[in-house]
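Enquirer: My questions are about this predicted structure, shown below with the sequence.
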Amino acid sequence: MTDGEHFVQPTPERFREATAELRELSAPYAKERLVFRPPVEPAGSLTRLESACRTVFEGLDAVLRDRCGGDVLRLAQLCRATAPELTFLTRQPHQNWSTVARPDVITSGGRTVVVEINGDSPAGLFGLHDIITRAQSAFLRPSATAPGRPAVAMHGLLASLEKSFGALDGMVAICYWRHEERAGRLDWQYELFARELRRHGVEAAHCALEDLDLAGDGVRHRGRRVSVVYRYFESPEPGEDDEFAVLERLFAIAESGRVGLFTGYRAEVLASKAALAVLSDEAVLDGLAPSLRARLAEHVPWTRVLEPRRTRFGNTEVDLLPWVERHKDRLIVKPVRGHAGIGITVGREVTADAWAQVIAEAVRGGAGDHPYIVQEVFDPDPLPVAFVDEQGQVTSTVTPSVSGVFIVDNAAVAVLRRYAVNATGTININPFSGYAPSPVWTAA
């Protein structure tokens, strides 16, 4: 029996049954683009993805140790941290960037390439992985032996929480900034994540960080003691003094041991998109072990912060900005801070005039607090996928994809693959361009 034959053909009734949890959350994929036959791959596939991610983390550790003398502030400056961000880097309990991460990894012509590090707790989707796995399991034939084993991403996260803070005697508060509430409807993923924690026996709720009672004896939410603040809030923009004041109080309580902060602030600053520029720049890597440099060259795409300078592309010395303008078809520009594909420009998908304007605006942003990177494009190898909508209509196609690798304590615990299913043909695979996500099952 082939992998596809292990799963029944969808019907509207079975689709509604399988997506009940997603529909209750008003989540995407409850009406369309549900991958009902997950990819089933040998364990070696996960090992290759994990190895690429570990190389990136090893590279960051080596740069911190060997190039920055262990000084986290020096590495943060290489990663283009803002002055307010630098304030908190040395004040928190140490947590590695690989405590929790979800690097985006593509396979291109046999190479495994990390195109985003996503090295901190806001890189969530643990709950999305598991809820889609449960939906897919509803399509298994009752009499069939499962072709593979789906991972439970939350198991890895829960193990890390216990490793970091011991048995929790209070709740987990999943926190974001209040301005997110003011901007409109909150992301459904917050409620999904809280539900998944409760599903595993952990008391949890989501709220604005400003709504917590940050007292000298600890943290409370609506009178309930908070053991861990799970950080979905990101760096405040410069000038947001109220938010920085809240962070000041939270870090003081965390330093006293009266609340856990997961993950710490360091991961966000050091595992930004600029970190890939650090890990591919010959000016930084000179002096690192040759074997590590070779592995970084294999798994990290050529990346530079967009600014006036001379550098190398391969064996050729180039004047960066004019060279980038001339070679748009092989490059992509991204903001150092940001998520969900916002602000990304793929050179070959825009005109020469538009590309020149993007470069100029990126350089101006970099002169302030919003730098951009430019990165070599790697085309993902196309893979087959079949997804279904609420009418039971199946679409089968072959399309590019990117794998989000869930890393917990430097080990891969699950993979959520995002298949491009958009009409534009862009290689920027994000929620706005359209994608179909699926957990990757491990072959039995």
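Expert: On my side now, so go ahead.

Enquirer: and Leu140, what does it touch?
Expert: 6-8, 146 (Cβ atoms under 8 Å, 6 or more residues apart in numbering). The C-beta positions use only the backbone N, C-alpha and C, and glycine is treated the same way.

Enquirer: Try it again at 10 Å.
Expert: Applying Cβ atoms under 10 Å, 6 or more residues apart in numbering to Leu140 gives the contacts 6-8, 36-37, 146-147.

Enquirer: Give me the distance between it and Glu203.
Expert: 32 Å (Cβ to Cβ, to the nearest Å).

Enquirer: give me the number of residues near the closest residue to His299 other than its chain neighbours?
Expert: Distances taken as Cβ to Cβ, 6 or more residues apart in numbering place Ala52 nearest to His299, at 4.2 Å, with adjacent residues excluded. Neighbours of Ala52 under the rule other Cβ atoms under 10 Å: 24.

Enquirer: before we move on, back to that, pick out the lowest-pLDDT one from the contacts of Leu140.
Expert: Least confident of the contacts of Leu140 in the model: Ala146, at 77.

Enquirer: returning to what we had before: mark which of the contacts of Leu140 are buried, thanks.
Expert: Applying 16 or more other Cβ atoms under 10 Å to these, the neighbour count classes 6-7, 36-37, 147 as buried.

Enquirer: follow-up on the earlier one: what is the nearest of the contacts of Leu140 to Arg231?
Expert: Nearest to Arg231 among the contacts of Leu140, counting by Cβ to Cβ, is Phe36 at 33.9 Å.

Enquirer: need the contact list for the residue lying closest to that closest one once chain neighbours are set aside.
Expert: Of all residues not flanking Phe36 in the chain, Phe139 sits nearest, at 4.6 Å (Cβ to Cβ, 6+ apart). Applying Cβ under 10 Å, 6+ apart to Phe139 gives the contacts 6-10, 14-15, 17-18, 34-38, 388.

Enquirer: buried set for the helix ranked longest in the chain?
Expert: Assignment by DSSP state H gives helix 43-62 as the longest helix of the chain. Of all the residues in helix 43-62, those buried under the rule 16+ other Cβ under 10 Å are 45-46, 49-50, 52-60, 62.

Enquirer: Run a quick neighbour tally on Gln77.
Expert: Other residues close to Gln77 by other Cβ under 10 Å number 14.

Enquirer: ok, so what distance separates it from Arg266?
Expert: Taking Cβ to Cβ, one finds Gln77 at 13 Å from Arg266.

Enquirer: same question, Ala146
Expert: Ala146 is 40 Å from Arg266, by Cβ to Cβ.

Enquirer: how about low-confidence regions in the stretch 101-250 of the chain?
Expert: 122-124, 144, 184 (pLDDT under 70).

Enquirer: So which residues of it form strands?
Expert: Shown for the stretch 101-250 of the chain, the strands assigned by DSSP state E, counting those that start in this stretch span residues 104-108, 111-116, 148-149, 171-176, 204-208, 213-215, 218-221, 224-231.

Enquirer: Next up, the contacts around the closest residue to Arg222 other than its chain neighbours.
Expert: Nearest non-adjacent residue to Arg222, counting by Cβ to Cβ, 6+ apart: Ala205, 7.9 Å away. If you count contacts by Cβ under 10 Å, 6+ apart, Ala205 has them with 171-175, 190-191, 194, 197-198, 221-222, 224, 226.

Enquirer: Throw these into a markdown table and include neighbour count and distance to Asn428, thanks.
Expert: Output for the contacts of Ala205, formatted as a markdown table (neighbours: other Cβ atoms under 10 Å; distance: Cβ to Cβ, whole Å):
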| residue | neighbour count | distance to Asn428 |
| --- | --- | --- |
| Met171 | 22 | 37 |
| Val172 | 25 | 33 |
| Ala173 | 27 | 33 |
| Ile174 | 24 | 28 |
| Cys175 | 26 | 29 |
| Tyr190 | 20 | 25 |
| Glu191 | 18 | 27 |
| Ala194 | 22 | 30 |
| Leu197 | 25 | 31 |
| Arg198 | 14 | 34 |
| His221 | 20 | 37 |
| Arg222 | 12 | 40 |
| Arg224 | 14 | 41 |
| Val226 | 27 | 37 |
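
Enquirer: could you dump these to a markdown table with distance to Val398?
Expert: As requested, the contacts of Ala205 are arranged in a markdown table below (distance: Cβ to Cβ, whole Å):
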| residue | distance to Val398 |
| --- | --- |
| Met171 | 45 |
| Val172 | 41 |
| Ala173 | 43 |
| Ile174 | 37 |
| Cys175 | 41 |
| Tyr190 | 34 |
| Glu191 | 34 |
| Ala194 | 37 |
| Leu197 | 37 |
| Arg198 | 39 |
| His221 | 47 |
| Arg222 | 50 |
| Arg224 | 50 |
| Val226 | 47 |
